[in-house]
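Asks: quick one, fold the following:
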Amino acid sequence: MDNFLTPISIRDYNHADWKYEKILEQIHDFEATLDDDHEIALRLASFGTSITMIVTNVSYQNPDILYFYGLVNGKKSQLIQHASQLNFLLTSIEREDKTKPARRIGFANPNDASDPI
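Replies: Here you go, the predicted structure:
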């Protein structure tokens, strides 16, 4: 009889995928509190001034990079963030186009090369 052991997978909580999962949970919880007239945005305060980003997608690359895709002042934008620098405020904003449903954040598979915005 062969004695092959099944490899044990050990979770590294310092990797971006775990942080991504925690952010996903918080965003879903926050979005669940919003009405149809509001959508989620991130308030970024590490650029010398406060910037509001309407986030449309979040992704990651292990071991330590998170990507936030969306709009800043109506322009397509991407924030590349080291996992050790995560510091933002989830906030709600009134949606601009009342003819379309409120935008909710999607989450990208980090192996998917399609345009996330």
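Asks: roughly how far does residue 36 sit from residue 75?
Replies: 25 Å (CB to CB, to the nearest Å). In short, each C-beta sits where N, CA and C put it, glycine included.
Asks: oh, that last question was meant for residue 29, not what I typed.
Replies: Taken as CB to CB, the span from residue 29 to residue 75 is 28 Å.
Asks: compare those two (neighbour count), which wins?
Replies: Set side by side, residue 29 and residue 75 show more neighbours around residue 29, with 10 against 7, by other CB atoms under 10 Å.
Asks: and that one, its phi and psi?
Replies: phi -60, psi -40 (degrees, to the nearest 10).
Asks: same question, the one 4 residues further on
Replies: Phi and psi for residue 33, reported as degrees, to the nearest 10, are phi -90, psi -10.
Asks: kindly report the same for the one 10 residues further on.
Replies: Note on residue 43: backbone dihedrals following degrees, to the nearest 10 are phi -100, psi 110.
Asks: quote the end-to-end distance of stretch 60-76.
Replies: 18 Å (CA to CA, to the nearest Å).
Asks: buried residues, that stretch. List them.
Replies: Neighbour-count burial for stretch 60-76 flags 60-61, 66-72 (criterion: 16 or more other CB atoms under 10 Å).
Asks: closest to residue 99 out of those?
Replies: For the buried residues of stretch 60-76, the closest approach to residue 99 (CB to CB) belongs to residue 71, at 17.3 Å.
Asks: leaving out the residues flanking it, which one is nearest to that closest one?
Replies: Excluding the flanking residues, the one nearest residue 71 by CB to CB, 6 or more residues apart in numbering is residue 54, at 4.5 Å.
Asks: give the other helices and strands that the longest strand out of those in the chain contacts.
Replies: Among the segments of the chain that qualify as a strand by DSSP state E, the longest is strand 51-61. In terms of contacts (3 or more CB pairs under 8 Å, 6 or more residues apart in numbering; DSSP states H and E), strand 51-61 is packed against helix 16-31, strand 38-44, strand 65-72, strand 88-94, strand 106-107.
Asks: before I go, just wanted to say thanks for your time.
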